[in-house]
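Enquirer: what follows is a predicted structure for the sequence shown.
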Amino acid sequence: MNRFNLIITNAAALLWASTSFAAGGGHHAEPHIANMWGLGEKYAESPALGWLTITFALFAWGVVRSAKGPLKNHLVTRADGLEKAMAEAQKAKADAERRAKEAEQKLAALEGDMKQMQADFESQGKLEAERIKTSADEMAKKIAKDAEDTIGAEMERARETLRAEASRLALQLAEERIKQMLTPADDEKLKKTLIQDLAA
């Protein structure tokens, strides 16, 4: 027995029980005769409860019978829709988890690439600093050597100038001493000797 038939049966039983109670009555109710099956004008004041019960049961059965198919189809369609929605939700969840995992992997790879780039930059920076230091040292040595060569050349030039000046001063001093030592007669004799030597 399905649920709808059970509902109809229970409704009919309750209606029958209420009819029986009305027919028997309690201790305080006045006795009267209930109309269960009688039809016609003479039963106008008390409708036939038996026929009413059967009519209600048939009506309820017809309603349930007519609504059972569409209701069942609706429930089946609703269940299918829920199953599809759940399947799509599980698929979307799995897709989201997959994308999240891919994003985490890409992020981890990106962090690794960034660390590698940082290490490469640091290594290149150290190499560039070493190259600049070496180039600066070489340039400083070259500048020092050029300065030393320039200083040496200037010192040699100054020595040559001093030598020439000393020679000039010495010659001038010698001439002055010779002039002081020679008498006019010696000077005249020296000139004649010089002329004779030139003439010879």
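Expert: Cool, got the structure. Residues are numbered from 1 along each chain as shown.
Enquirer: pLDDT below threshold where in the protein?
Expert: Applying pLDDT under 70 to the chain picks out residues 1-34, 40, 44, 182, 187, 200.
Enquirer: go with 50
Expert: 1, 21-31, 33 (pLDDT under 50).
Enquirer: pull the longest helix from it.
Expert: Ranked by residue count and defined by DSSP state H, the top helix of the chain is helix 49-181.
Enquirer: which neighbouring elements make contact with it?
Expert: Helix 49-181 is packed against helix 3-24, with contacts defined by 3 or more C-beta pairs under 8 Å, 6 or more residues apart in numbering; DSSP states H and E. For the C-beta atoms, the positions are set from N, CA and C on the backbone; glycine is no exception.
Enquirer: mind running it again at 10 Å?
Expert: Judged by 3 or more C-beta pairs under 10 Å, 6 or more residues apart in numbering; DSSP states H and E, helix 49-181 is in contact with helix 3-24, helix 184-199.
Enquirer: Leu127: neighbour count?
Expert: Neighbourhood size, Leu127 [other C-beta atoms under 10 Å]: 10.
Enquirer: re earlier: and the angle from the longest helix of the chain to helix 184-199?
Expert: Angle of helix 49-181 versus helix 184-199, following axes from the mean of the first three to the mean of the last three C-alpha atoms, to 10 degrees, is 110 degrees.
Enquirer: distance from helix 49-181 to the middle of the chain?
Expert: Between the centre of helix 49-181 and the centre of its chain there are 12 Å (C-alpha atoms, centre = their mean, to the nearest Å).
Enquirer: stretch 191-199 too?
Expert: Between the centre of stretch 191-199 and the centre of its host chain there is 111 Å, according to C-alpha atoms, centre = their mean.
Enquirer: what does stretch 167-186 give?
Expert: On C-alpha atoms, centre = their mean, the centre of stretch 167-186 falls 101 Å from that of its chain.
Enquirer: tell me how far the residue positioned nearest the centre of the chain lies from Ala67.
Expert: By C-alpha atoms, centre = their mean, the chain has its centre lying nearest to Leu107, at 6.9 Å. Leu107 sits 57 Å away from Ala67, going by C-beta to C-beta, to the nearest Å.
Enquirer: before we move on, the earlier item: so who does the residue nearest to the centre of the chain touch?
Expert: If you count contacts by C-beta atoms under 10 Å, 6 or more residues apart in numbering, Leu107 has none.
Enquirer: same thing with Arg168?
Expert: So Arg168 contacts nothing (C-beta under 10 Å, 6+ apart).
Enquirer: tell me how far it lies from Ala174.
Expert: Here the criterion is C-beta to C-beta. By it, Arg168 lies 11 Å from Ala174.
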